[in-house]
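Visitor: Only the shape, not the letters, is given here:
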């Protein structure tokens, strides 16, 4: 029972780290309305990876994996959309 608890704590910690890692970048892009220094390839690959992890989790029926990767996918996709929108600075300027 203790090993299962440890596994869940480690998994939850990993999910929270992954999810929160995107928030500072998204906030910075939105505040500055500039994403020129953000890598389009990196976020494109990250969105692809989270999509595959989510599908993998669904296929396994591993719903914690699906939930964590779905949230991460949404955040990475938000950063990717911001990259396209603000790639050359604020489009309204």
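Guide: Sure, I can see it. Since the model is a prediction, treat every value here as computed from it, not as a measurement. Numbering: from 1, shown residues only.

Visitor: Please verify my assumption that residue 44 contacts residue 80.
Guide: Yes - assessed by C-beta atoms under 8 Å, residue 44 is found in contact with residue 80 at 6.6 Å. Every C-beta, even on glycine, is put in place using the N, C-alpha and C of the backbone.

Visitor: Which one of these two is surrounded by more residues?
Guide: A direct count of neighbours by other C-beta atoms under 10 Å for residue 44 and residue 80 places residue 80 higher, at 18 against 13.

Visitor: Can you give me the distance of the more buried one to residue 43?
Guide: Here the criterion is C-beta to C-beta, to the nearest Å. By it, residue 80 lies 4 Å from residue 43.

Visitor: same deal with residue 3?
Guide: Going from residue 3 to residue 43 by C-beta to C-beta gives 36 Å.

Visitor: Pick out whichever of those two has more residues nearby.
Guide: residue 43 (22 against 7).

Visitor: secondary structure element for the more buried one?
Guide: Assigned by DSSP states H and E, residue 43 falls within helix 40-60.

Visitor: Now do the next helix or strand after that helix against helix 40-60, angle only.
Guide: Toward the C-terminus, helix 40-60 is succeeded by helix 63-85 as the next helix or strand (DSSP H and E). Going by axes from the mean of the first three to the mean of the last three C-alpha atoms, to 10 degrees, helix 63-85 is angled at 160 degrees with respect to helix 40-60.

Visitor: Quick one: mean pLDDT for helix 63-85?
Guide: Averaged over helix 63-85, pLDDT sits at 94.
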